[in-house]
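Asks: Sequence and predicted structure, then a few things I'm wondering about:
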Amino acid sequence: MTGTVRSFCEDIYMNSDSDALDSSAAARRMGLAPSTLAKKRLSGTGPLYYKLGRRVIYRSRDIDAYLDLHRRRSTSDEAPK
């Protein structure tokens, strides 16, 4: 199983076709503190991510989808559920 997880991790994190970010880079991209992003992972309110052992990896497209979901035109727009 370890070989499978390591292979999967390498495919996501190291593949040049993949746009993977660690949690610090993902937080910077979103304009959040890393601790805020960690709290969003804990509560399930953040973007999709991969948890591989102790490593957390985000794909750029998942961050973009999360940001698009939270896009608003005015303060009276309804928040996503």
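Replies: That came through, no problem.

Asks: which non-adjacent residue is nearest the residue positioned nearest the centre of the chain?
Replies: Geometric centre of the chain, nearest residue: residue 58, 3.5 Å, by C-alpha atoms, centre = their mean. Once flanking residues are discounted, residue 58 sits nearest to residue 26: 4.1 Å by C-beta to C-beta, 6 or more residues apart in numbering. Glycine gets a C-beta too; all of them are placed from N, C-alpha and C.

Asks: related to what we said a few turns ago, show the contacting residues for the residue nearest to the centre of the chain.
Replies: Residue 58 makes contact with 20-23, 25-26, 47-50 under the criterion C-beta atoms under 8 Å, 6 or more residues apart in numbering.

Asks: which SSE is it in?
Replies: Following DSSP states H and E, one finds residue 58 within strand 55-59.

Asks: Is residue 51 within a helix or a strand, and which one?
Replies: Using DSSP H and E, residue 51 falls in strand 50-52.

Asks: burial of residue 57, as a residue count?
Replies: 20 (other C-beta atoms under 10 Å).

Asks: Check the gap between it and residue 36 for me.
Replies: Distance, residue 57 to residue 36, using C-beta to C-beta, to the nearest Å: 18 Å.

Asks: Same check on residue 66?
Replies: 13 Å.

Asks: can you count the residues close to residue 37?
Replies: Other residues close to residue 37 by other C-beta under 10 Å number 23.

Asks: Surely it is in contact with residue 26?
Replies: Yes. Taking contacts as C-beta atoms under 8 Å, residue 37 lies within contact range of residue 26: 6.3 Å.

Asks: Where does pLDDT dip in this structure?
Replies: 1-18, 79-81 (pLDDT under 70).

Asks: surely residue 59 meets residue 20?
Replies: Yes. With contacts counted by C-beta under 8 Å, residue 59 reaches residue 20, the gap being 5.9 Å.

Asks: Make sure residue 21 is indeed in a strand.
Replies: Yes. Under DSSP: H, G, I helix; E, B strand; the rest coil, residue 21 sits within a strand.
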